[in-house]
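Q: curious how this folds, go ahead:
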Amino acid sequence: MDHYLVFTVDMKTTKNTTTLAWHNDFCSRQPSKRAQKHFALRTMLFAALTMSGLECIAEDTKAVPLPLFVNDADQSTSESVASRASKNSPVESTPDEAHELSLNAAIQLALEADPQIRAGVEAVRQAEADVVTADLPPNPSLSTSGSLMPLNRPFTVDRQGGPPQFDIGMSFPVDWFLFGKRAAAVMAAEKGVDVAAADFSELVRQRIAGTIAAFYDVLEAQSALALAREDFSNLSEVEKITANRVELGGVGTVELDRVRLSIFSSRREVRAREVALEGAFSRLRSFLGYTQAVPLKIDGSLDVPSPITPLDSLAIFAIAEDNRPDIQALKHQITQAEANIELAEVSAYPAITPKVGYTRQFQEKAIGYPDANSWGIGVDVTVPLFDRNQGNIAKARSAKVQSELNLSAQLVNLRAEIDQAIKAYESAYQVLISDDPGQLEAARNVRDKIRTAYELGGKTLMEVLDAQRTYRETYRLHIAGRSNYWHSLYALNAALGKQVLK
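A: Numbers count the residues shown, from 1 in each chain. Sure thing, here's the model as predicted:
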C-alpha cells in the first residue's frame with residue numbers, strides 16, 4: 001500500500017511578520033495526478049518561502065491527559081494526583097508520633113508520598129519530552145573552508161597559483177518536511193505518551209489495590225492479636241482456678257500442668273500474632289512511602305453492615321476491558337506500533353539538503369586580477385539504492401503483530417482474573433450471609449458458663465479447654481470471614497479497574 005503526504009499551507013500576515021503554518025498527514029491510497037501536481041506546486045512554494053526568510057511554525061501538540069483508576073481516594077483529577085506525586089520527599093513524622101489513618105487517608109497518602117508513584121510520573125514526563133524532541137525542526141549547518149592556499153611558495157603574477165579562496169556555506173535539510181518525517185515522528189511520540197500515561201494509571205491502580213489490601217491485613221492482624229491476648233487471659237484465669245482447686249484437693253497437679261502447657265502454647269501464639277501485626281504494618285508503611293518505623297493507628301473495622309450482592313461475570317467483563325489501564329496500554333501500544341510503521345516507511349525517503357554559499361577569491365596577488373566575490377547554490381540528495389530502511393520497517397511491523405498478540409493474551413488473562421475474583425467474592429459473600437450472628441456470642445457464653453461450673457467443681461478441665469478452643473476457632477472464622485469479604489470486594493474492584501462494588 002502506497003502512502004503519500006496530504007499537505008496544506010496557511011499564511012497569516014501581521015505588520016512585521018509573515019507566518020507560514022503547514023499541516024500534513026498521511027493517506028493510504030494512490031494520489032491522483034491532480035493531487036501530485038498540487039503537491040509539487042506546494043513544495044516549490046515552501047522552498048521559495050523558506051529561501052526568502054519567512055517564519056515557519058508547526059502546529060502545537062497538546063499533552064494527553066492522564067487517565068486514573070479512582071477508588072476510595074478523594075481525587076478529583078489525574079493532574080492533581082500527578083502534581084502531588086511529584087513532590088521531592090514523602091511525608092514523614094517523628095518516631096513517637098502516631099498517625100491515625102482511615103482507608104481514604106491511607107490511599108491519599110500513598111498517592112502523595114509513594115516513591116514508585118513519583119517515579120511513574122517521571123516516565124510520563126520523559127514520554128512528553130520525546131514529543132518535544134520529535135517536534136523540533138533540524139538545525140541548519142554552517143561550514144567554512146579555505147582552499148587553494150600556497151604550500152611551498154607564495155603565489156605571484158609571475159608564478160601564478162590558486163587563487164586562494166575562502167568559502168562559507170549554509171545548508172538546511174527539507175526532507176523532514178517534504179516527506180512528512182517530522183510529522184510521523186511526532187505522531188509516534190504522542191502515541192508513546194498515551195502508552196506511558198496508561199502505564200502510570202496501571203501503576204496507580206496496583207498501588208491503590210496494594211494499599212487497600214495492606215490496610216485490611218493490618219485490621220485482620222489486629223483482630224487476631226486481640227483474640228490471642230484474650231485467649232491467653234482466659235487461660236490464665238483457668239490456671240488460677242485450677243491452682244485453687246489443687247490446693248483444696250479437688251483435682252490433681254496433672255491438671256495444673258495441662259493448663260500450663262496450654263498457656264505456653266497461647267503465649268507463643270500471642271508472640272506470633274505480634275510479629276504478624278508488625279509485618280502488616282511494615283507492608284502498609286512501604287505503600288505509604290515511610291522510610292522509618294512510624295507508629296500508625298488504624299481507623300477502621302472488619303464489620304460488614306450490609307453485604308453487596310455479587311455481579312454477573314458477563315456484564316462486568318466489558319467494564320474491565322474498558323477501564324483496566326493495562327488493557328488500554330496494550331491498545332495504545334498497537335496504535336503506537338502503527339505510527340512507528342509509518343515513521344519507518346517515510347524514513348526510507350532520501351535526505352534532501354539545499355545549500356547556499358559565499359566565496360571570496362583572493363586573485364590580486366596570485367594572478368593579477370582583482371579579488372572577487374561569488375555565491376553558489378546546490379542541493380545534496382541521498383540515493384536510497386541499497387538501504388531503504390527495510391530492516392526497521394520489518395521490525396516495526398513485527399512489533400505491531402507482537403502488540404496485538406500481547407493484547408489477546410492479556411484479555412485471556414483478564415477473563416481468568418475476573419472469574420477468579422468473582423468466585424472469591426461470591427464465596428466470601430456466601431460465608432458472610434450464612435454466618436449466624438449469634439454463633440460467636442453463643443460460643444462465648446458456653447465458654448464462660450463451663451469455666452464457672454469448673455470453678456464450682458461441676459465440669460472437668462477437658463470440657464473447659466474444649467469450650468475455650470471452640471470459642472477461639474469460632475472467633476477466628478468470624479475474623480477470617482469478614483477479612484476475606486473486604487479483601488475480595490476490593491480485589492474485584494481492582495480487577496475491574498473501577499469501583500463498582502461500594
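
Q: lowest confidence element among the helices and strands of the chain?
A: strand 55-58 (a mean of 32; mean pLDDT, DSSP states H and E).

Q: which stretches of the protein form strands?
A: Ranges of strands in the chain, per DSSP state E, are 4-13, 18-27, 55-58, 99-101, 141-147, 165-171, 296-298, 352-361, 372-381.

Q: just the angle between the fifth one and strand 165-171, please?
A: Going by axes from the mean of the first three to the mean of the last three CA atoms, to 10 degrees, strand 141-147 is angled at 170 degrees with respect to strand 165-171.

Q: quick one: the residue nearest the centre of the chain from L288, how far?
A: Centroid-nearest residue in the chain, with CA atoms, centre = their mean: F200, separated by 2.1 Å. F200 sits 19 Å away from L288, going by CB to CB, to the nearest Å. C-beta here means a position set from N, CA and C on the backbone, and glycine is covered the same way.

Q: show me where the protein has its helices.
A: Taking DSSP state H as the test, the helices found in the chain are 33-51, 78-85, 103-113, 115-135, 175-178, 181-248, 253-288, 313-323, 325-346, 364-367, 390-434, 439-455, 461-496.

Q: how about the ones you listed in JSON lines, adding mean pLDDT?
A: Listed next are these as JSON lines, based on pLDDT from 0 to 100:
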{"stretch": "helix 33-51", "mean pLDDT": "37"}
{"stretch": "helix 78-85", "mean pLDDT": "44"}
{"stretch": "helix 103-113", "mean pLDDT": "90"}
{"stretch": "helix 115-135", "mean pLDDT": "93"}
{"stretch": "helix 175-178", "mean pLDDT": "92"}
{"stretch": "helix 181-248", "mean pLDDT": "93"}
{"stretch": "helix 253-288", "mean pLDDT": "92"}
{"stretch": "helix 313-323", "mean pLDDT": "83"}
{"stretch": "helix 325-346", "mean pLDDT": "95"}
{"stretch": "helix 364-367", "mean pLDDT": "88"}
{"stretch": "helix 390-434", "mean pLDDT": "94"}
{"stretch": "helix 439-455", "mean pLDDT": "85"}
{"stretch": "helix 461-496", "mean pLDDT": "91"}
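
Q: so which of those helices comes closest to P295?
A: Closest approach to P295 among the helices of the chain (CB to CB): helix 253-288, 8.6 Å.

Q: and the angle from that closest one to helix 115-135?
A: 20 degrees.

Q: going by neighbour count, list what's buried in helix 253-288.
A: Under the neighbour-count criterion of 16 or more other CB atoms under 10 Å, helix 253-288 has 255-256, 259, 262-263, 266, 269-270, 273, 276-277, 280-281, 283-288 buried.

Q: next: stretch 359-370.
A: For stretch 359-370, by 16+ other CB under 10 Å, it's 359, 361-363, 365-366.

Q: ends of it, what's the gap?
A: 14 Å (CA to CA, to the nearest Å).

Q: one step back: farthest pair within the buried residues of stretch 359-370?
A: So, the buried residues of stretch 359-370 by CB to CB: farthest apart are T359 and K365, at 17.0 Å.

Q: now distance to V238 too, for the buried residues of stretch 359-370, in a markdown table please.
A: Converted to a markdown table, those look like this (distance: CB to CB, whole Å):
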| residue | distance to V238 |
| --- | --- |
| T359 | 110 |
| Q361 | 115 |
| F362 | 115 |
| Q363 | 120 |
| K365 | 120 |
| A366 | 119 |
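
Q: for A409, give its distance to R159.
A: Counting by CB to CB - A409 and R159 are separated by 81 Å.

Q: one step back: which stretch in the strands of the chain is the model least sure about?
A: Per-stretch mean pLDDT for the strands of the chain is lowest at strand 55-58 (a mean of 32).

Q: Q439 against E473, yeah?
A: No - between Q439 and E473 no contact is recorded; they are 11.1 Å apart, counting by CB atoms under 8 Å.

Q: off-centre distance for stretch 472-491?
A: Mean-position distance between stretch 472-491 and its chain equals 31 Å (CA atoms, centre = their mean, to the nearest Å).
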